[in-house]
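**Q** Fold the following for me, if possible:
(chains A and B)
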Amino acid sequence: DAKTTQPNSMESNEEEPVHLPCNHSTISGTDYIHWYRQLPSQGPEYVIHGLTSNVNNRMASLAIAEDRKSSTLILHRATLRDAAVYYCIRNRRTGNQFYFGTGTSLTVIP
Amino acid sequence: NAGVTQTPKFQVLKTGQSMTLQCAQDMNHEYMSWYRQDPGMGLRLIHYSVGAGITDQGEVPNGYNVSRSTTEDFPLRLLSAAPSQTSVYFCASSYTHYSNSPLHFGNGTRLTVT
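**A** So this is what the prediction gives:
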């Protein structure tokens, strides 16, 4: 199965860090891990992606386990605008076929 | 840049009618794709294209046709609409078809088939 496993929902307090987990135990060596988020009534938005080593950008950090069977998206300081559904996707090396699961719905509490 | 533009934003069809959902991108992206999103099911890949003149099927292609005559445009055709095709449709593009190339999504077309 090409899809990943994520918790259905999570909550975080505003201005605290959030760690969103993802399991991709059947990942192959050349699959990239991508994270997207979707705000209500909008299309998904790219957050970050990586292959083996941890990655940082202005939006978030991505920590990838050494065996690559799991990863964690880290939002360093959650804001109300971060409330969204977060999708973790494993993407095959060619064909760019993204298979979305149902994602994690993040609620940020003021 | 406009990014990925989808039209129309909303559409209501009767069963058996046909229509085309339009998708255009102005980023010179090689790869384009169509997804549908149903409540509680995430996004499912319908069709994709790795370049002009090349298309292929995704997870749920039945009832839909696509073509890619130009780099910019990737229309999705419903030949005979069915209530099961009521959904939100998203078009997405990326610079290449390699898996390290992030997708850029449009804002969707909400389709209702009665």
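**Q** Just name the shakiest helix or strand of chain A by mean pLDDT.
**A** When the helices and strands of chain A are compared on mean pLDDT, DSSP states H and E, strand A:84-91 comes out lowest with a mean of 90.
**Q** After that strand, which helix or strand is next? Please name it.
**A** strand A:104-109 (DSSP states H and E).
**Q** so what secondary structure elements neighbour that following strand?
**A** strand A:9-13, strand A:18-23, strand A:84-91 (3 or more Cβ pairs under 8 Å, 6 or more residues apart in numbering or on different chains; DSSP states H and E). Where C-beta positions appear, they are placed from N, C-alpha and C, glycine not excepted.
**Q** Report the angle between it and strand A:9-13.
**A** Using axes from the mean of the first three to the mean of the last three Cα atoms, to 10 degrees, the inter-axis angle of strand A:104-109 relative to strand A:9-13 is 30 degrees.
**Q** Mind listing the strands strand A:104-109 pairs with, and their directions?
**A** strand A:9-13 (parallel), strand A:84-91 (antiparallel) (DSSP bridges).
**Q** tell me the mean pLDDT for it?
**A** Averaged across strand A:104-109, pLDDT comes to 96.
**Q** Let me see the residues that make contact with it.
**A** A:6-14, A:18, A:20, A:78-80, A:82-86, A:88 (Cβ atoms under 8 Å, 6 or more residues apart in numbering or on different chains).
**Q** near chain A, which residues of chain B?
**A** Residues of chain B found near chain A (Cβ under 8 Å from any Cβ of the partner chain) are B:4, B:31, B:33, B:35, B:40-45, B:48, B:50, B:56, B:58-59, B:90, B:92, B:94, B:96-108.
**Q** now those residues: which count as buried?
**A** B:4, B:31, B:33, B:35, B:42-45, B:48, B:50, B:58, B:90, B:92, B:94, B:97-108 (16 or more other Cβ atoms under 10 Å in any protein chain shown).
**Q** Setting the sequence-adjacent residues aside, check what's closest to the closest residue to chain B within chain A.
**A** The nearest approach of chain A to chain B comes at residue A:43, 3.3 Å away (Cβ to the nearest Cβ). In space, and not counting its chain neighbours, residue A:43 is closest to residue B:105: 3.3 Å by Cβ to Cβ, 6 or more residues apart in numbering or on different chains.
**Q** my guess is that neighbour contacts residue A:37, does it?
**A** No. Taking contacts as Cβ atoms under 8 Å, residue B:105 lies outside contact range of residue A:37: 11.0 Å.
**Q** most tightly surrounded among the strands paired with strand A:104-109?
**A** Ranked by mean neighbour count under mean count of other Cβ atoms under 10 Å in any protein chain shown, the strands paired with strand A:104-109 are led by strand A:84-91, which reaches a mean of 24.
**Q** does the residue nearest to residue A:43 have beta-bridge partners, and which?
**A** residue B:92.
**Q** With that, I have no additional questions.
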